[in-house]
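Colleague: sequence? don't have it. structure:
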């Protein structure tokens, strides 16, 4: 699918209703739209009695980041990733920390215009090992993301999805067929939290996690943003970690990240580092091998250790890598135990740099 002049392309996941409306079947929100209406995500709309994507080829901007910022700690450590998103989102998180992009309703005014081929070529020219669909949820720009992934794979560039995993079964298969690595945002472990604070439901996200583990070769990690008083109780953390342990196994990395007041939740204080450390201890006691803290300065909680002998494998100080304890095969140099993930013979040297880049079709 080439980049159209008007940024609007037809989609496959919808059906007509008896009352004349059209239902979008991309995500479990199942928006039912009259002619001219847009879904909650804003970028999918009913035009001429079909659902179209109205943001194909429009990006909110491009930036080269460390892969650890996604966060992915077990996928090509130390390498640069070309990151971009679009406007809109299919969740309504009251604590959204990218709300300026996810809530944007003026896409063409704030957007860079870039075709899949141009994005892939620019990633190659900038020596990026991967391209990340991030900042807003790539599920909603499904067709654009898949085409960008195809262009990237032709140039041997990997693709990364940073997503809440809120997607229906059939489009989920097509989407993750195009993805090499993902970070799934498991926002909490109660239906009440999902319904009241995100306008969504927990079960579809759990189904996406199980699908990734059982049906794909996608390398994935999980992030939970801990919000004081909302999803950080010992009980909820125990239940979540036990679910991960029993359904996904001990080797899926889990990141606990610190909340800061934003969007519609400015009355709640930032998450203290002690909460993240407590959550990490609970997860490790449950049996999870690779548990990390984020958005706080915690070298121990950010580093990777061998699950067999405890040897330090990858030291991290924020996004800077230090000690490298893996051999050329991605195994512990002390005991030979493989570290689950995707590794090259040596770490990348990108460091903590964040480099905005201008990419646009001529």
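Modeller: Yep, it's here. Since this is a predicted model, take the numbers as computed values, not measurements.

Colleague: what's the longest strand in the chain?
Modeller: strand 219-226 (DSSP state E).

Colleague: Helices along this protein, start to end?
Modeller: In chain order, the chain shows helices spanning 99-102, 107-110, 116-125, 142-154, 169-177, 191-193, 203-215, 234-247, 273-286, 299-302, with DSSP state H as the criterion.

Colleague: Where among the ones you listed is average confidence lowest?
Modeller: Lowest mean pLDDT within the helices of the chain: helix 107-110, a mean of 49.

Colleague: quick revisit: and the helices of the chain as a markdown table, adding mean neighbour count and distance to residue 161?
Modeller: C-beta here means a position set from N, CA and C on the backbone, and glycine is covered the same way. Listed next are the helices of the chain as a markdown table, based on neighbours: other C-beta atoms under 10 Å; distance: least, C-beta to C-beta, whole Å:
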| stretch | mean neighbour count | distance to residue 161 |
| --- | --- | --- |
| helix 99-102 | 18 | 15 |
| helix 107-110 | 13 | 20 |
| helix 116-125 | 20 | 15 |
| helix 142-154 | 21 | 7 |
| helix 169-177 | 17 | 7 |
| helix 191-193 | 13 | 23 |
| helix 203-215 | 17 | 10 |
| helix 234-247 | 16 | 19 |
| helix 273-286 | 18 | 23 |
| helix 299-302 | 17 | 22 |
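
Colleague: Out of those helices, which gets nearest to residue 71?
Modeller: helix 299-302 (9.2 Å; C-beta to C-beta).

Colleague: Looking at the helices of the chain, which is nearest to residue 318?
Modeller: helix 299-302 (7.4 Å).

Colleague: Show me the one of the helices of the chain that comes nearest residue 356.
Modeller: helix 116-125 (12.6 Å).

Colleague: Pull the distance from the closest one to the chain's centre.
Modeller: 20 Å (C-alpha atoms, centre = their mean, to the nearest Å).

Colleague: which residues touch it?
Modeller: Residues from elsewhere that reach helix 116-125 (C-beta atoms under 8 Å, 6 or more residues apart in numbering): 3, 59, 62, 82, 84, 114, 130-131, 144, 147-148, 150-152, 154-155, 157, 357, 359-361.

Colleague: at 6 Å what do you get?
Modeller: The contact list for helix 116-125 (C-beta atoms under 6 Å, 6 or more residues apart in numbering) reads 82, 131, 147-148, 151-152, 155, 157, 359, 361.

Colleague: so that helix versus helix 142-154, what angle?
Modeller: Angle, helix 116-125 to helix 142-154, by axes from the mean of the first three to the mean of the last three C-alpha atoms, to 10 degrees: 40 degrees.

Colleague: can you count the residues close to the nearest residue to residue 223 once chain neighbours are set aside?
Modeller: Of all residues not flanking residue 223 in the chain, residue 255 sits nearest, at 4.3 Å (C-beta to C-beta, 6 or more residues apart in numbering). Here the count is done by other C-beta atoms under 10 Å, and residue 255 has 26 residues near it.

Colleague: do residue 31 as well
Modeller: 22.

Colleague: So it sits against residue 38, correct?
Modeller: No - between residue 31 and residue 38 there is no contact under C-beta atoms under 6 Å: 8.3 Å.

Colleague: Check residue 188 and give its pLDDT.
Modeller: Looking at residue 188, its pLDDT reads 98.

Colleague: Run through the residues that contact it.
Modeller: residue 231.

Colleague: switch the cut-off to 8 Å
Modeller: 194, 197, 202, 224, 230-231, 236, 240.
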